[in-house]
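Visitor: Dropping a prediction and its sequence here:
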Amino acid sequence: MPHDPLLCADVTFYPVGHGLFMTADFIFHYFHNMSYSMIFDCGSRSMKYLEDCIRSYTNKHTPNGKIDLLVISHFHMDHVNGLPYLLSRVKVDTVILPYIHPIERLLIAAIQPPMPPWYYLFMASPAAFLVSMGVRNSYFLGEGRGEGAPPDFPRGPPSPRDIPPEEFEPKIEWYGVSEGPPENLHPLDEEDCKKLTNTWNVNINFIRAEGHAIYGHAFMHHLAFTPFVKSVDQSRLEQFCNCLKENGVIRDPYNIRSQDLVNALRDREKLERIRECYRENVSRHLNLTSLAFGVTTAWLIEGGESVMVLRPPSKWLKEILPWGLIIIWNRHMYWPVHKRLPFYILSTGDLRLDIHNVRQEFIKRYISIVPAILAKKNSSLPIIFQAPHHGSTRGFNETAENEFKNWLHGEIFASVVSCGHSDEVSALNVLKRISLNAEICHQRSLPVHITIHVYD
């Protein structure tokens, strides 16, 4: 094994309490040591913890004051309420987030605790908010159709050919995506985004969560992204919408504008009517629109090794920090790689994997990669899996466990699971029984770092 790796990835789960702030920083040693930084969600019920973690990350990892990609899984406050603070400290080039219909945005905003004005402006027009904070590229992803074609990964990392990276303009390109916007795209959202694009010279796209996206320079592909979006049950949303009309909250859902959303959320009487319609027509066990996001290399290793190094807080922290739970079996894990992907990072946000049809579609989406081109038969799976905290114990039952086992072909699920909500997480309990190499469940421990080194 050579001294210098092809690629290094540093994945960190920050202890923000009830919420999620997860980062991934890549260095492509094979390509002039170019770097790429990503953030998955940015929210917490504790702004103090969150702001401390944002400062810690940006001070250390963003010397140029830039984040390449921000992924937002859904619009609950405990996953987005750090956006103003983050975007005031660093420039974010690209944001990928689920497309959520205005009526569902109204529903989500109404069931949150009291929020500052910026949140209601964000919910009224996410695109306008992001543009106002300096984001140049936004991709709104709607629900896709099936698993899509698996990525056609070349073997080995691309050769730099002695060309400095400054001569290329790195970008994200989408492959295997159906033509046309998401089926539930509201025409006024589309109209508003066209105005923003023309006025501010920004890039705003509405895309179905199908196929995959590639980050790279022209013929040099570095990372592959596989998104999955599960939308809210449209029949439930329609019932909710009809209730809003009957109670005079909105007049015409097909002609609802951003200002209408803001006005409704600022009117206490209307806000209570919205919540009443939610209680009557939308179950709290329903999956609201959410985005899962997979990340790996855009190339296969011809022959080499992946090394995953865990740098969690010490076990003794459990003795002095009763609200933190850390369980570590292995600190170093090694995987021989031959014509396979070297690792996979899968963030689920708060996707309701306890609901059978959601779980089935999720597995169908990722089965072409995990374990198909991640590991060979009888080998372990080097996955960093961020488990959702939503879900009932009843939903994560024996059936769910068998479905996960069938998905992974009963092989050892060598992964790291982090949940930043509580130590009683149903999804974690299921995955634990499939034999994890490490489980990390924390709220206020020290940050948990997982470093991946890929060698040829």
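Guide: Structure's in. What do you need? Note that this is a predicted model, so its numbers are computed, not measured. Residues are numbered from 1 along each chain as shown.
Visitor: Strands along the stretch 1-150 of the chain, start to end?
Guide: 7-13, 19-28, 34-44, 66-71, 91-98, 137-142 (DSSP state E, counting those that start in this stretch).
Visitor: Sorry, wrong one. I was asking about the stretch 151-300 of the chain.
Guide: So, for the stretch 151-300 of the chain - with DSSP E, counting those that start in this stretch - the strands run 171-175, 203-208, 212-217, 220-230, 290-297.
Visitor: quick one, which of those strands is nearest to residue 55?
Guide: Among the strands of the stretch 151-300 of the chain, the nearest to residue 55 by Cβ to Cβ is strand 290-297 (24.5 Å). (Each C-beta comes from the backbone N, C-alpha and C, glycine too.)
Visitor: Give me the sheet partners of the closest one and which way each runs.
Guide: If you go by DSSP bridges, strand 290-297 pairs up with strand 220-230 (antiparallel), strand 344-347 (antiparallel).
Visitor: would you turn those into CSV with mean pLDDT?
Guide: Shown next, in CSV, are these (pLDDT from 0 to 100):
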stretch, mean pLDDT
strand 220-230, 93
strand 344-347, 91
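Visitor: Would you mind saying which of the ones you listed lies nearest residue 49?
Guide: Using Cβ to Cβ, the nearest of the strands paired with strand 290-297 to residue 49 is strand 344-347, at 19.4 Å.
Visitor: Looks like residue 142 contacts residue 185 (just checking).
Guide: Yes - between residue 142 and residue 185 there is a contact under Cβ atoms under 8 Å: 6.7 Å.
Visitor: okay, these two: which has more neighbours?
Guide: Of the pair residue 142 and residue 185, residue 142 is the one with more neighbours under other Cβ atoms under 10 Å, namely 22 against 16.
Visitor: who's in contact with that one?
Guide: Shown in contact with residue 142 (Cβ atoms under 8 Å, 6 or more residues apart in numbering): 98-99, 181-185, 206-209, 229, 231.
Visitor: And the pLDDT at it?
Guide: At residue 142, the model reports a pLDDT of 96.
Visitor: cool, and the one 3 residues further on?
Guide: Taken from the predicted model, the pLDDT recorded for residue 145 is 76.
Visitor: ok, and the closest non-adjacent residue to it?
Guide: Leaving aside its sequence neighbours, residue 145 sits nearest to residue 210 (Cβ to Cβ, 6 or more residues apart in numbering; 6.2 Å).
Visitor: cool, and residue 55?
Guide: residue 89 (7.6 Å).
Visitor: what's the burial count for the one you found?
Guide: Residues lying near residue 89 (other Cβ under 10 Å) number 16.
Visitor: Surely it is in contact with residue 57?
Guide: No - Residue 89 is beyond contact range of residue 57, at 9.5 Å (criterion: Cβ under 8 Å).
Visitor: what ranges do the helices span in the protein?
Guide: Here the chain has its helices, by DSSP state H, at 47-61, 77-80, 83-89, 102-110, 117-124, 126-132, 187-200, 234-246, 258-266, 268-281, 317-320, 356-366, 398-407, 426-432.
Visitor: With distance to residue 193 added, can I get the strands of the stretch 1-150 of the chain in TSV?
Guide: TSV is the format used below for the strands of the stretch 1-150 of the chain (distance: least, Cβ to Cβ, whole Å):
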stretch	distance to residue 193
strand 7-13	32
strand 19-28	26
strand 34-44	22
strand 66-71	18
strand 91-98	13
strand 137-142	8
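Visitor: Which stretch among those strands approaches residue 310 most closely?
Guide: strand 7-13 (10.3 Å).
Visitor: Mind giving me the packing neighbours of the closest one?
Guide: Judged by 3 or more Cβ pairs under 8 Å, 6 or more residues apart in numbering; DSSP states H and E, the packing partners of strand 7-13 are strand 19-28, strand 448-455.
Visitor: which stretch in the ones you listed has the least confidence?
Guide: strand 448-455 (a mean of 87).
Visitor: Figure out how far stretch 35-48 is from the centre of its chain.
Guide: On the basis of Cα atoms, centre = their mean, to the nearest Å, stretch 35-48 sits 11 Å off its chain's mean C-alpha point.
Visitor: List the buried residues in it.
Guide: Buried residues in stretch 35-48, counted by 16 or more other Cβ atoms under 10 Å: 36-44, 46-47.
Visitor: among these, which two are most distant?
Guide: Across the buried residues of stretch 35-48, the longest distance by Cβ to Cβ is 29.0 Å; it joins 36 and 46.
Visitor: circling back to that earlier point, can I get the buried residues of stretch 35-48 in TSV including pLDDT and distance to residue 335?
Guide: Shown next, in TSV, are these (pLDDT from 0 to 100; distance: Cβ to Cβ, whole Å):
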residue	pLDDT	distance to residue 335
36	95	22
37	96	24
38	97	22
39	98	26
40	96	23
41	96	27
42	96	31
43	95	32
44	92	33
46	90	36
47	94	39
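Visitor: related to what we said a few turns ago, please name whichever of the strands of the stretch 1-150 of the chain is nearest to residue 221.
Guide: Closest approach to residue 221 among the strands of the stretch 1-150 of the chain (Cβ to Cβ): strand 19-28, 10.8 Å.
Visitor: helices or strands up against that closest one?
Guide: If contacts are counted by 3+ Cβ pairs under 8 Å, 6+ apart, strand 19-28 sits against strand 7-13, strand 34-44, helix 47-61, helix 77-80, strand 220-230.
Visitor: need these in JSON lines with distance to residue 176, can you?
Guide: What follows is these, written out as JSON lines (distance: least, Cβ to Cβ, whole Å):
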{"stretch": "strand 7-13", "distance to residue 176": "24"}
{"stretch": "strand 34-44", "distance to residue 176": "21"}
{"stretch": "helix 47-61", "distance to residue 176": "32"}
{"stretch": "helix 77-80", "distance to residue 176": "27"}
{"stretch": "strand 220-230", "distance to residue 176": "10"}
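Visitor: out of the ones you listed, nearest to residue 402?
Guide: For the helices and strands packed on strand 19-28, the distance to residue 402 is smallest for strand 220-230, at 20.7 Å, taking Cβ to Cβ.
Visitor: from the chain's centre, how far out does that closest one sit?
Guide: Relative to its chain's centre, strand 220-230 lies at 11 Å (Cα atoms, centre = their mean).
Visitor: any idea of the angle it forms with strand 137-142?
Guide: 40 degrees (axes from the mean of the first three to the mean of the last three Cα atoms, to 10 degrees).
Visitor: pLDDT weak spots in the chain?
Guide: Scanning the chain with the threshold set as pLDDT under 70 gives 1-3, 146-150, 161-168, 312-333, 375-380, 389-395, 409-429, 431-432, 434-445.
Visitor: What's the separation between residue 201 and residue 191?
Guide: 18 Å (Cβ to Cβ, to the nearest Å).
Visitor: Give me the more crowded residue out of these two.
Guide: residue 191 (11 against 8).
Visitor: can the strands paired with strand 290-297 go into a markdown table with extra columns for distance to residue 294 and mean neighbour count?
Guide: Listed next are these as a markdown table, based on distance: least, Cβ to Cβ, whole Å; neighbours: other Cβ atoms under 10 Å:
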| stretch | distance to residue 294 | mean neighbour count |
| --- | --- | --- |
| strand 220-230 | 4 | 23 |
| strand 344-347 | 5 | 24 |
